[in-house]
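1. Below is the structure, and that's it, no one-letter string:
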């Protein structure tokens, strides 16, 4: 998905929901949500964006994605 | 097969558990207290003659035909209005009774035409039956005197005669045949709750009068058909019966319109439908119907229905009619070619919420197992996906908690973002019945809907600004927590206490109070407090909600907030309470249950779970992809990006129904193969390469699951006009793609579903035939299904409270777009109108109109009926204005039933944070006077015309 803006927007929207639960619940909550509901190409694109600095991602979301990326092994695009 | 004759017991059943024993015609009969003698006699198999009584309405006692003798009592009481008592000895036939009844019938017939042979009700007339039953052999009074029968009497105009009213497209009113039993009037009041009919005049002048002696079409009548069903003569008769004649056999099936899931008898002559009559044993509708299910089935043989498969290389080409085989091999080659070129994940499909469970299951199976990816989604994405997320999070399963019968035990009803009177009319009628008995109603909706103010119903209305649901829900919770109205015993026993405490502390914050949030929501804090107190303390409280809750960027948050409220007040786990999503389409619940979401296998189990996935892999003999697939909006984004190039769409018009039409057009145009499987060349088909003709619900076997989780049979009453049922088409497409699925009947598909899905384990066609219907979970623990969920504990264990912070949507009003547009439905039309626009229902709603408050209209120089240009950041269209104060100043409203308006050109890409369910219900817009269609409308229309050209198949030489 070439539009990182849209994925960043969606990820931040998820982050906003979890914000009121406090940092310690929010970070795993965001990571779990993206793990469960995003298709591999969306995950690949947001991880690529993360590697490029993750511009625009809210701090909790950035932290969640960083953690998720480490535990995720995605199949090659085919 | 024969005509299913349902017994008319004459008066409604009593709910009493106290039993009473009496003797009727020498037989001892035991019935519940409160039963009429008429009903008790029928129970014992003795039919007392009757005309004004029928068990759909309360006894009235006007015709005096049902008189009986009771030992020890004087006179001849009417058996319909006389309740049973212990020890009564009743005689239903005696010399005195015979004489009385004959006299009554003689009077009736003296003012009734004797054209029985050519009468529309011939063969189905209770007046005729009763004349026979009482042995009427002569009418001593003659027919020449004062009467309602003849236009002229003795050469002079007869002022008492009235001509037929044929204004309603589906039934006629012939006053000359009316016996003024008032069954129609009472059906309109008691069953439908519209009060459109009355009896005007007295004595001999008494007439059935729609409204103030208006035509049926011109009156408040909503054409539900209850009066037609109630009529014992030919006075109110279906036009189809007049035209075709009486049916000879009937089959019980399920309506294919909304999520109420009404059971109907399809009354047939051969393979021709004569009429659809609501089935008394239908547990969702209890014998009632609305204009759509009862009458609007003519689309099934509309001239625009496509019956031959068609293909084309490019969407600019005309369609070419081909054989099924050619269509399947063309489609298969295209789809496999795309996968070869762009990768396995470059194709996907959309299951239909209008098709059967079995068909939906097959499409997701084809995608997961045949396509080899999880790019399957369904139109529930754009309606109730937040319900799935919200209720699964809080309660542990994605489903409404009650059955519709539950409303009979409800004391306080809360309706949020739904308008059942338009979108779920039969449920609305059942609800209004309860309201007339004294239950209270709270409506939370930007618009003053028909539910807010209707005959004998006055709701406490909280007219909030679109987009502020979460703020209102949290403010309700604030009142409940800070005023000490929490049901602490329930919460301590059934919910996670520490999560509750966290939630309670959050909602109690002063910034969540009704007073503090009023500036955002526009809701009067006093009214909001009153509503919160009423819901928390008024007895059984039940919440019903619709797409006004889900179709927001905080849709899932609102669902969670609703669940929080129900748990905090203990309104879960018994009849009369609960959280009830009103599902839009007939099988939205079913399509969700059947694994239509990209992340879930049937039964709401995540695709990443190894144990569950392995069961499916073993049954389907194929390895499945453990990663979730694309959701519909993600598919569109991926198409524009160039990584998603092929789509199989069954029974869904994504172009008209999905938001931001321009974006959808761009996505569809980018794809290399779009397969549309539908009854009609819908709007999506303008961008399709393969068209596979679909079959209607009358033409196939299967099951639908309604909003109460009720699984009901759909039964084939005629051969598929296109030659193949939809499930057969999917199997053939799969086969052409090299994936074999072998089923000879949909019952075998259900057996596979039951084998793989614990909540369906006990479901089979044999059981459905035996019980009529079952509500899942249906398994060893609940062999006859589960009417009420979470009785002793939540599915997830402890109920989970989740904090719901209000976050304003990014779709904001401003100087350029100062008004908020919200959308909805109207009674006579259904969804994108593909079906109802092809019926006589267009007489009620021929175009979408924009509702606008007089204040906003005046500022813009807009008069009622003027063309206006409606513009948002996404696009613009034109339609005509309707000036009304149903909407508040600052809010405008329209329906989305007509493609030439295309309300979704206006709606935006914003969506629910959790599920990507689009934010249909909030769009910032501006309105200005206009002269006619916008440039976009003109170019859209031109493209549609171009795209719909068909080159017929050449005749074989």
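-> In hand now; what should we look at? The structure presented is a predicted model; accordingly, all values stated were derived computationally and were not measured.
2. near chain B, which residues of chain A?
-> Applying C-beta under 8 Å from any C-beta of the partner chain, we find that chain A lies next to chain B at A:1-3, A:6, A:10, A:13-14, A:16-17, A:19-21, A:33, A:36-42, A:74-75, A:77-78. In short, each C-beta sits where N, CA and C put it, glycine included.
3. One more pass at 10 Å, please.
-> When proximity is defined as C-beta under 10 Å from any C-beta of the partner chain, chain A approaches chain B at A:1-3, A:6-7, A:9-22, A:25, A:29, A:33, A:35-43, A:45, A:72, A:74-78.
4. filter these to the buried ones?
-> Buried members of those, counted by 16 or more other C-beta atoms under 10 Å in any protein chain shown: A:1, A:6-7, A:9-21, A:29, A:33, A:35, A:37-43, A:45, A:72.
5. So which of those residues are in helices?
-> Cross-referencing these against helices under DSSP state H gives A:6-7, A:9-19, A:29, A:33, A:35, A:37, A:40-43, A:45.
6. where in the chain is pLDDT low?
-> Chain wasn't specified; assuming chain A. For chain A, the stretches flagged by pLDDT under 70 are A:1-2, A:76-78.
7. please go with chain B instead
-> B:954-957.
8. Longest helix in it, please.
-> helix B:324-342.
9. Could you identify the helix or strand that succeeds that one?
-> Remark: after helix B:324-342, the chain's next helix or strand is strand B:347-351, criterion DSSP states H and E.
10. What number of residues are in the vicinity of the closest residue in space to residue B:494 that isn't next to it in sequence?
-> Nearest residue to residue B:494, sequence neighbours excluded (C-beta to C-beta, 6 or more residues apart in numbering or on different chains): residue B:799, at 5.5 Å. Number of residues near residue B:799 (other C-beta atoms under 10 Å in any protein chain shown) recorded here: 27.
11. and what of residue B:477?
-> 26.
12. need the contact list for the residue in the stretch 101-250 of chain B positioned nearest to chain A.
-> Residue nearest to chain A within the stretch 101-250 of chain B (C-beta to the nearest C-beta): residue B:193, separated by 39.6 Å. Residues counted as contacts of residue B:193 (C-beta atoms under 10 Å, 6 or more residues apart in numbering or on different chains) are B:222, B:224, B:226, B:288, B:421, B:425, B:428-433, B:435-436, B:454-457.
13. Go again with 8 Å.
-> B:428-429, B:432-433, B:436, B:454-457 (C-beta atoms under 8 Å, 6 or more residues apart in numbering or on different chains).
14. ok, those residues vs chain A, which is closest?
-> Out of the contacts of residue B:193, the member with the shortest distance to chain A (by C-beta to the nearest C-beta) is residue B:428, at 32.7 Å.
15. element containing that closest one, please.
-> Going by DSSP H and E, residue B:428 is part of helix B:425-436.
16. now what about that helix, what contacts it?
-> In contact with helix B:425-436 (C-beta under 8 Å, 6+ apart) are residues B:190-193, B:222, B:224, B:258, B:260, B:262, B:284-286, B:288-293, B:404, B:407-408, B:410, B:413, B:420-421, B:441, B:451, B:454, B:456-457, B:544, B:582, B:827.
17. Find the centremost residue of the chain, please.
-> You didn't pick a chain, so chain A it is. residue A:65 (4.1 Å; C-alpha atoms, centre = their mean).
18. nope, chain B
-> Geometric middle of chain B (C-alpha atoms, centre = their mean) lands on residue B:258, at 2.3 Å.
19. What parts of the stretch 851-957 of chain B come near chain A?
-> Counting by C-beta under 8 Å from any C-beta, the residues of the stretch 851-957 of chain B that sit close to chain A are B:913-916.
20. cool, chain B as well?
-> Counting by C-beta under 8 Å from any C-beta, the residues of chain B near chain A are B:343-345, B:374-375, B:506, B:553-554, B:556-557, B:598-599, B:606, B:608, B:625, B:627-631, B:634, B:637-638, B:641, B:643, B:802-805, B:807, B:913-916.
21. quick one on the thing from earlier: from the residues of the stretch 851-957 of chain B next to chain A, pick the one nearest chain A.
-> Checking those one by one against chain A (C-beta to the nearest C-beta), the nearest turns out to be residue B:913, at 3.9 Å.
22. Now do the helices for the stretch 701-850 of chain B: every range, in order, please.
-> B:726-736, B:746-756, B:765-771 (DSSP state H, counting those that start in this stretch).
23. Quick one: the strands in the stretch 1-150 of chain B, in order.
-> B:19-24, B:27-32, B:69-70, B:89-91 (DSSP state E, counting those that start in this stretch).
24. cool, the stretch 301-450 of chain B as well?
-> Under DSSP E, counting those that start in this stretch, the stretch 301-450 of chain B gives strands at B:310-311, B:319-321, B:347-351, B:376-378, B:412-416, B:440-444.
25. Can you add mean neighbour count and give those strands back as CSV?
-> Below are the strands of the stretch 301-450 of chain B laid out as CSV (neighbours: other C-beta atoms under 10 Å in any protein chain shown):
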stretch, mean neighbour count
strand B:310-311, 24
strand B:319-321, 20
strand B:347-351, 29
strand B:376-378, 30
strand B:412-416, 26
strand B:440-444, 23
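26. Residue B:942 is nearest to which of the ones you listed?
-> strand B:319-321 (16.9 Å; C-beta to C-beta).
27. For the closest one, name the packing helices and strands.
-> Applying 3 or more C-beta pairs under 8 Å, 6 or more residues apart in numbering or on different chains; DSSP states H and E, we find strand B:319-321 packed against strand B:310-311, strand B:950-951.
28. Tell me the strands beside that strand, with direction?
-> Strand B:319-321 pairs in its sheet with strand B:310-311 (antiparallel), strand B:950-951 (parallel), by DSSP bridges.
29. count of residues packed around residue B:314?
-> 7.
30. before we move on, back to that, could you dump the strands of the stretch 301-450 of chain B into CSV with distance to residue B:203 added?
-> Shown next, in CSV, are the strands of the stretch 301-450 of chain B (distance: least, C-beta to C-beta, whole Å):
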stretch, distance to residue B:203
strand B:310-311, 64
strand B:319-321, 65
strand B:347-351, 60
strand B:376-378, 59
strand B:412-416, 41
strand B:440-444, 38
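31. Whichever of the contacts of helix B:425-436 end up buried, select them in PyMOL.
-> In PyMOL, this line selects whichever of the contacts of helix B:425-436 come out buried by 16+ other C-beta under 10 Å:
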select buried, chain B and resi 190+191+192+193+222+224+258+260+262+284+285+286+288+289+290+291+292+293+404+407+408+410+413+420+421+441+451+454+457+544+582+827
